[in-house]
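> Compute the structure for the input listed below.
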Amino acid sequence: MPGGQNGGQPGGQNEEQRNKTENDITAEVLARFAETPDPRLRQIMLSLIGHLHAFVKDVELTEAEWFQAIEILTEAGRMCSDKRQEFILFSDTLGVSMVVDLLDHRKPEGATESTVFGPFHRLGAPELPPGGNIAPLDTTGMPALVSGRVLDLDGRWPEVYVLDGGLAGRPLVHGAARPAISTMEQVKTATIAPAELKALLDQGEASIVDFASSIAYEGGHIPGAWFAVRARMPGSLAQVTRRRVLVLTSPDAALARLAAADLIPADLAAHGFAEMRVLEGGTAAWRDAGLPLVKDREAMADTPDDCWRRPYDPYAGEGARERYLRWEIELVHQIEREGDIGFRVPVD
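Numbering: from 1, shown residues only. This is a model prediction of the structure:
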């Protein structure tokens, strides 16, 4: 009844509750999950809700599109079994699996990157002697001989042991390990602080060469820094803008210091540089000082072919993702054809 006890008054509280905006809904959901007792779960859920709601608002998702996504997820769930996990394939295709792996297994500069378990990963694989055959049942085709070395970050062969009992029950420390590089103590180079470098750049007095991997460079580098590969120095200096001071950097300055030790005064003079410095603490120190970084490829003194590119990397090349997906789909059929794999491939 208009104006009655149960009727809403114009501009009254009941009307305010009915006229919710999308931002009101987001705020209410965040408020509910803000009471989650577990701190880590609370952090994850609040971030997930905020990003998910922002995505829906950004693309202005329609009900039809939302329902189509629900149907896709429902169908993927039906296809899952104890031997088949479609949601991991979703994660792989979207690149989430590798991002999680890289975040959870950070490596120091120069170390071999980790990767997720592939289709042929085998828990409890037997230990074989050098030259052993990992496919003794396959007597057809040409054997592939595989060899490898375990080196430290200085390129040396360390003593290698297998830890008895593994890591089970042992206290662990998270984060990237930073082993010492013995030859680093012998490297004597002039350095420059981030604030000093910023002043030189503002005056047009310095050029920067960044020895980060091309993937790390694309992820964030000092504005105006040139990407270069240490192994191709000093030839790469021909591409670098000539200024009075040449500043070398890398993520933690270690590679930059080694590169500086490789260069001699004649190399600098030949390319128009009067002096050379290494950025103290590397690009990380620049970032920690609150100074800006820029992404993507800005100034390339070298061809960025120093890293293997994942199929979904924007610089992996045309058709890389499609080739990877074709390989992954064909892999299932290959396993079926070979018939000697120790697990069953479900057939729909």
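> any idea how far Ala299 is from Leu73?
43 Å (C-beta to C-beta, to the nearest Å). For the C-beta atoms, the positions are set from N, CA and C on the backbone; glycine is no exception.
> for Arg326, same thing?
Separation of Arg326 from Leu73 (C-beta to C-beta): 24 Å.
> Repeat that for Ala212.
For Ala212, the distance to Leu73 - C-beta to C-beta - is 38 Å.
> ok, now Arg156?
Distance, Arg156 to Leu73, by C-beta to C-beta: 50 Å.
> Kindly report the same for His53.
Counting by C-beta to C-beta, the separation of His53 from Leu73 is 18 Å.
> now swap in Ile49 and tell me
18 Å.
> Between these two, which has more neighbouring residues?
Taking neighbours as other C-beta atoms under 10 Å, Ile49 and Leu73 compare with Ile49 leading, 15 against 12.
> I'd say that one and Phe33 touch.
Yes. Checked against C-beta atoms under 8 Å, the pair Ile49 and Phe33 is within contact range at 6.3 Å.
> shared neighbours, the two?
Both Ile49 and Phe33 lack any common contact, where contact means C-beta atoms under 8 Å, 6 or more residues apart in numbering.
> could you pull out the strands for the stretch 151-300 of the chain?
With DSSP state E, counting those that start in this stretch as the criterion, the stretch 151-300 of the chain has strands at 191-192, 206-210, 226-227, 245-249, 275-279, 299-300.
> Contacts for the third one next, please.
It refers to strand 226-227. 207-210, 212, 214, 217, 221, 236, 239-241, 297, 299-302, 304.
> For ChimeraX, what selects the buried ones among the residues you listed?
Burial among the contacts of strand 226-227 is assessed by 16 or more other C-beta atoms under 10 Å; the matching ChimeraX selection reads:
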select :207,208,209,210,212,214,217,221,236,240,299,301,302,304
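> got the CA positions of stretch 274-283 in CSV?
What follows is stretch 274-283, C-alpha atoms only, in CSV (Å, rounded to 0.1, in the frame of the first residue of the first chain):
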residue,chain,number,x,y,z
ALA,A,274,84.4,8.2,-22.0
GLU,A,275,83.7,6.1,-18.9
MET,A,276,81.8,3.1,-17.7
ARG,A,277,79.9,2.3,-14.5
VAL,A,278,77.8,-0.5,-13.1
LEU,A,279,74.5,0.3,-11.5
GLU,A,280,74.7,-0.5,-7.8
GLY,A,281,72.2,-3.3,-7.0
GLY,A,282,71.2,-3.6,-10.6
THR,A,283,67.7,-2.9,-11.9
